[in-house]
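A.B. asks: got a predicted model here, sequence first, then my questions.
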Amino acid sequence: MTHIFVNIPTNDLERSKAYYTALGCALNPLFTDENAACIVWSDQIFFMVLTKEYFATFTDKEFADPKTHAQVLLSISRETREDVDRIVEAGVAAGGTAPGEPQDFGFMYARDLIDPDGNGVQFMWMDPEAAAKGPEAYMAEQAQA
């Protein structure tokens, strides 16, 4: 089985732990200490929130500030459109920001959420039928209905 571990930097580890648990994530205490917190999104997806100093030990590359530079856009699916709205609202209440308007394509709905350190995650829902058939075929069927 494949697991995904996304390493993200933080200026304040305790704030990050409080933020991500406010979104409904759990912490794995076996991989959480004064340098890092293992944020559990699912049985296969984890964020390793690392202090900037600890993050720097994993790479020789220059650190890019996530508040001013984008390197990757992560997208995590939710079961419903309402679940997308709920997690974004929880993130904003916990100190994050929700830039821009929701992206609503009918078959897919997405919103961005930025944590207090500037790390972004997009939460999205896609109609299961559109996911199975592909968006073009699904939209063609909807137009004929």
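C.D. replies: That came through, no problem.

A.B. asks: how is the chain partitioned into domains?
C.D. replies: Annotated domains of the chain cover 1-58, 70-145 [automatic domain parsing].

A.B. asks: residue 64: which of those is closest?
C.D. replies: domain 70-145 (5.9 Å; C-beta to C-beta). The way it works is simple: take the backbone N, C-alpha and C, and place the C-beta from them, glycine included.

A.B. asks: switch the domains of the chain over to a markdown table; also include mean neighbour count, distance to residue 64 and mean pLDDT.
C.D. replies: As requested, the domains of the chain are exported to a markdown table (neighbours: other C-beta atoms under 10 Å; distance: least, C-beta to C-beta, whole Å; pLDDT from 0 to 100):
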| stretch | mean neighbour count | distance to residue 64 | mean pLDDT |
| --- | --- | --- | --- |
| domain 1-58 | 15 | 9 | 96 |
| domain 70-145 | 15 | 6 | 90 |
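
A.B. asks: center of this structure - which residue?
C.D. replies: In the chain, the residue lying closest to the centroid (C-alpha atoms, centre = their mean) is residue 121, at 3.2 Å.
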